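Engineer: Provided below for reference: sequence and predicted model.
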Amino acid sequence: MDSLPRLNFGATRSRIVVFSGGSAANNLVDIFGQVAEDRGCSLSYVIPISDNGGSSSELIRVFGGPGIGDVRSRLVRLIPEDPSGVDTEKAAIKTFFNHRLSSSPSEARIEWLDIVESRHPLWAHIESSKRELIRPFLNTINLEIVKRARPSSVFNFQSASVGNLFLTGARLFTGSFESAIYLLGAITGVPGNVEVIPAINSNFSHHISAGLQDGSVITGQNAISHPSVPSAVPESPITTTRRLSKELSDHDRVEDANLPGSLPSLRKQNIEFHKEVTEDLPSRIERIWYINPYGQEIRPAPNSKVLEAIRQASCVIYSIGSLYTSIIPCLILRDVGDAIAAANVRFKILILNGSIDRETGPAHAPYGAKDFIAAVAGACWSSRGLKGVPSAERYKEFVTHVVHLQGEGTPRVEKDELTGLGIETVRLYGRRGGGGMVYDGAALAQALAAIVGRRDPRMDRSRRNTLEH
């Protein structure tokens, strides 16, 4: 038996790749897992790292590095559940890495020290061996916070995510973002056939801008998706120049992880924001692009693992969530569009949101299914370095199926027009909840299984016979 070669099914079996952000798509994780298991596939989640809101904004301000909130959210969501409730440690670890500190900065700082010093109730059901494996990375980030404290810049612990602090500490300790992800996955028991891939593997921050159809530009993901304050009224060029000059001068007196002269909008603390209450954008988003710290457009390469996963995939899924700040930032990276358009990716499934949000819902022109598809296809097109957008006849290179809900507030679906373009539509009935329509898990799983098919049981017999003989 020792002479038999070790089988590596991960390298040969088919794969499902899911493009998604954090919180919205977390509700579908079990469904994607079930479909992948039924199909006998590996599962890869591609997650953007351009978020500069919430507690991530303070980590970026003080330490630089990628926006890690969505990556941490997905890893923690993937921790296997214990239906029996016997494994109290597993539940405690999930609670630990999901925990947010107090919304009061002073109380949050005290709470953080209790966690670092192992006195907090969060540690109660975590065994000492695992506790002492986690604490060194919390100590690392704590030491760095103390070292970087200046009269002009002190770390704000308000509403900080313990999981985000752990990932940052692990990244600083190892010097590798992917090593930090691997460590958190190993500690929490994330299944081995599921991987969470940051869209860009980087120790640096990557920000995005949005160009609107009226010619205006919004800088930073937080300002695009859920700004902390209402959008400012348009200013005259002279007023804008004076304001930016003062802001640059003020920010250059602050010692943080940003280069002097970096855009002030990228150096702000965006800890407090409300996703539920946002005003409409003045016009539709035309395109998204990455920028350097000074606001100039750049074209970064994706994490090599993203391209590798797509090349092994038979199915790509664009999940629910924020179209322009969760999905598009992953698609516009160099060569991603070519990989998705390749013949091996047979199914390219867009799951439409159950409601319209700020990014897709200017009151005068809410998005329909064709608009969502055009945005996805346009992003894949730009990843090839091509100008403009592809013709509608080429949309099916990037989207083959649209799964959608029916009900009040859902995006309209131009079924006949999409059928004419070679794109199939699958309508599901959902339920009301969360400000819009919500997918029924069983119905969505059945719809996805019907599209991608199930594993051929003969493959299992063939594999078993090969091992036996």
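Structural biologist: Looks like it arrived, so ask away. The model shown is predicted, which means the values in this text are computed figures rather than measured ones. Residues are numbered from 1 along each chain as shown.

Engineer: where are the low-confidence patches of the chain?
Structural biologist: 1-13, 228-257, 259, 271-278, 363, 454-469 (pLDDT under 70).

Engineer: Which of the helices or strands spans residue 355?
Structural biologist: Counting by DSSP states H and E, no helix or strand carries residue 355.

Engineer: what's the spacing between it and residue 374?
Structural biologist: Computed with C-beta to C-beta, to the nearest Å, the distance linking residue 355 and residue 374 is 19 Å. In this view, the C-beta of every residue, glycine as well, is placed from N, C-alpha and C.

Engineer: And what about residue 210, helix, strand or coil?
Structural biologist: Under DSSP: H, G, I helix; E, B strand; the rest coil, residue 210 falls in the strand class.

Engineer: Renumber starting at 871 from here on
Structural biologist: Happy to do that; since the first residue is 871 now, the last one works out to residue 1080.

Engineer: didn't it look like it was pressed against residue 1087?
Structural biologist: Yes: because the distance of 7.0 Å satisfies C-beta atoms under 8 Å, residue 1080 is recorded as touching residue 1087.

Engineer: Those two: which has the busier surroundings?
Structural biologist: Neighbours were counted for residue 1080 and for residue 1087 using other C-beta atoms under 10 Å; residue 1080 has more, 23 against 12.

Engineer: Strands along the stretch 971-1120 of the chain, start to end?
Structural biologist: Here the stretch 971-1120 of the chain has its strands, by DSSP state E, counting those that start in this stretch, at 1064-1068, 1077-1082, 1087-1089.

Engineer: neighbouring contacts of the longest one?
Structural biologist: In this structure, residues lying in contact with strand 1077-1082 by C-beta atoms under 8 Å, 6 or more residues apart in numbering are 920, 922, 1087-1091, 1094, 1136, 1151-1161, 1163, 1165, 1167, 1194-1195, 1199.

Engineer: 7 Å instead, please
Structural biologist: 920, 922, 1087-1091, 1094, 1136, 1151-1161, 1194, 1199 (C-beta atoms under 7 Å, 6 or more residues apart in numbering).

Engineer: can you check the shortest one too?
Structural biologist: Identification of contacts with strand 1087-1089 by C-beta under 7 Å, 6+ apart yields 1079-1081, 1094, 1133, 1135-1136, 1161, 1165.

Engineer: and those, which are buried?
Structural biologist: 1079-1080, 1094, 1133, 1135-1136, 1161 (16 or more other C-beta atoms under 10 Å).

Engineer: any idea which of these is closest to residue 930?
Structural biologist: Closest approach to residue 930 among those (C-beta to C-beta): residue 1136, at 8.3 Å.

Engineer: so what's the closest one up against?
Structural biologist: Residue 1136 makes contact with 922, 1077, 1089-1090, 1163 under the criterion C-beta under 7 Å, 6+ apart.

Engineer: ok, now how distant is it from residue 1045?
Structural biologist: Noted for residue 1136: a distance of 23 Å to residue 1045, by C-beta to C-beta.

Engineer: do the same with residue 1287
Structural biologist: Separation of residue 1287 from residue 1045 (C-beta to C-beta): 51 Å.

Engineer: neighbour-wise, which of those two wins?
Structural biologist: Set residue 1287 next to residue 1045 and count neighbours by other C-beta under 10 Å: residue 1287 wins out with 13 against 9.

Engineer: The one helix or strand that one maps to: how far from the chain's middle?
Structural biologist: Using DSSP H and E, residue 1287 maps to helix 1285-1290. Put simply, helix 1285-1290 sits 30 Å off its chain's centre (C-alpha atoms, centre = their mean, to the nearest Å).

Engineer: List the contacts of that helix.
Structural biologist: 1239-1240, 1272, 1295.

Engineer: Tell me which of these fall in helices.
Structural biologist: The helices, defined by DSSP state H, take in 1239-1240 from the contacts of helix 1285-1290.

Engineer: May I see the contacts of helix 1285-1290 organised as a markdown table, with distance to residue 957 and neighbour count added?
Structural biologist: Output for these, formatted as a markdown table (distance: C-beta to C-beta, whole Å; neighbours: other C-beta atoms under 10 Å):
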| residue | distance to residue 957 | neighbour count |
| --- | --- | --- |
| 1239 | 43 | 22 |
| 1240 | 47 | 19 |
| 1272 | 40 | 24 |
| 1295 | 42 | 17 |
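
Engineer: Identify the farthest-apart pair in the contacts of helix 1285-1290.
Structural biologist: Checking those with C-beta to C-beta, the most distant pair is 1240 and 1295, at 10.7 Å.

Engineer: out of everything not next to it in sequence, what's closest to residue 942?
Structural biologist: Nearest residue to residue 942 in three dimensions, chain neighbours excluded: residue 1033, at 4.2 Å (C-beta to C-beta, 6 or more residues apart in numbering).

Engineer: what number of residues lie near residue 1060?
Structural biologist: With other C-beta under 10 Å as criterion, residue 1060 counts 21.

Engineer: Nearest residue to it in space, please, no chain neighbours.
Structural biologist: Residue nearest to residue 1060 in three dimensions, not counting chain neighbours: residue 948, with 4.6 Å by C-beta to C-beta, 6+ apart.

Engineer: just residue 901 next, same as before
Structural biologist: residue 1315 is the one closest to residue 901 (C-beta to C-beta, 6+ apart), at 4.8 Å.

Engineer: name the element that neighbour belongs to?
Structural biologist: In this assignment (DSSP H and E), residue 1315 forms part of helix 1311-1322.

Engineer: And residue 1156, by the same measure?
Structural biologist: Assigned by DSSP H and E, residue 1156 belongs to strand 1155-1161.
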